[in-house]
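Visitor: Give me coordinates for this.
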Amino acid sequence: MQLADLKALMVRRRDGLSLEGFCADPVIASLQWPDDVVEQFLYDHGDNSSFLQDYRDVDLSRIVWGLEATPAEELGEMPTGASDHGCIEYYAENPDHWVAVRHRGIHEGVARYWEELGTWKRPPVLIDRRLFAPAETGLQVVEGRTRVGVLRGRRRQGSFVATEHQTWVGRPATPTAPSRTDS
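Guide: Numbers count the residues shown, from 1 in each chain. I've put the predicted structure just below:
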């Protein structure tokens, strides 16, 4: 299953389908992804032209998601999709501004997290580059470019940044080995 296969579902989302309804759709439910990843990747951006360009060839059914501790140093160098090249650096140029504008609704408390914990409130979504470019290595920022930009900018200005950060990481599913029965 690829992003283009979600076209009809994305029309329903634009027409008012709730996140709960989106997650409950049999196509999405079959992926067995965490709701937070579904929301950030598919619900919020599944029909975004940049996402469609960058991740069009990814087989969504081959991704297994897990929360991982990712070193700040690795996040400081991590790319995002080619269509959004430069956007992480844009956010890194003025991290205090991007923290300050995120203070209402789901973003309430973001500044406190950065000041007290040196990290974000909500884990961003990263993907193993082998899922779309088998010869590539490392991870790429799918969603959370502002968060990663804030991290980079805070590190550069000498503000408190934790050494590791919780991230959603999508990795290739490992094929299940067939079971052997001894006779």
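
Visitor: Need phi/psi at the residue nearest the centre of the chain.
Guide: Nearest to the mean C-alpha position of the chain, by CA atoms, centre = their mean, lies residue 125 at 1.7 Å. Phi and psi for residue 125, reported as degrees, to the nearest 10, are phi -110, psi 120.

Visitor: now swap in residue 50 and tell me
Guide: Dihedral angles of residue 50 (phi, psi; degrees, to the nearest 10) stand at phi -60, psi -40.

Visitor: what about it, how many neighbours?
Guide: For residue 50, the count of nearby residues is 14 (other CB atoms under 10 Å). (Glycine included, C-beta is placed from N, CA and C.)

Visitor: Test my guess that it contacts residue 81.
Guide: Yes. Judged on CB atoms under 8 Å, residue 50 makes contact with residue 81 at a distance of 6.3 Å.

Visitor: Send me the longest helix along the chain as PDB with only the CA atoms.
Guide: In the chain, assigned by DSSP state H, the helix with the most residues is helix 145-157. Provided in PDB are the C-alpha atoms of helix 145-157 (Å, rounded to 0.1, in the frame of the first residue of the first chain):
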ATOM      1  CA  ARG A 145      10.700  19.400  11.000                       C
ATOM      2  CA  THR A 146       9.900  22.300  13.200                       C
ATOM      3  CA  ARG A 147      10.800  20.300  16.300                       C
ATOM      4  CA  VAL A 148      14.100  19.100  14.900                       C
ATOM      5  CA  GLY A 149      14.900  22.600  13.700                       C
ATOM      6  CA  VAL A 150      14.300  24.000  17.200                       C
ATOM      7  CA  LEU A 151      16.600  21.300  18.600                       C
ATOM      8  CA  ARG A 152      19.300  22.300  16.200                       C
ATOM      9  CA  GLY A 153      18.900  26.000  16.800                       C
ATOM     10  CA  ARG A 154      18.900  25.500  20.600                       C
ATOM     11  CA  ARG A 155      22.100  23.500  20.400                       C
ATOM     12  CA  ARG A 156      23.800  26.200  18.300                       C
ATOM     13  CA  GLN A 157      22.800  29.000  20.700                       C
END
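
Visitor: next one: the first helix or strand past that helix going along the chain to chain centre, how far?
Guide: Downstream of helix 145-157, the first helix or strand assigned by DSSP states H and E is strand 164-172. Centroid separation between strand 164-172 and its chain, computed with CA atoms, centre = their mean, to the nearest Å, is 8 Å.

Visitor: What are the buried residues along strand 164-172?
Guide: 165, 167, 168, 169, 170, 171 (16 or more other CB atoms under 10 Å).

Visitor: who are the neighbours in contact with the closest residue to residue 39 other than its chain neighbours?
Guide: Distances taken as CB to CB, 6 or more residues apart in numbering put residue 19 closest to residue 39, at 5.7 Å, once the chain neighbours are dropped. Applying CB atoms under 8 Å, 6 or more residues apart in numbering, we find residue 19 in contact with 35, 38, 39, 43.
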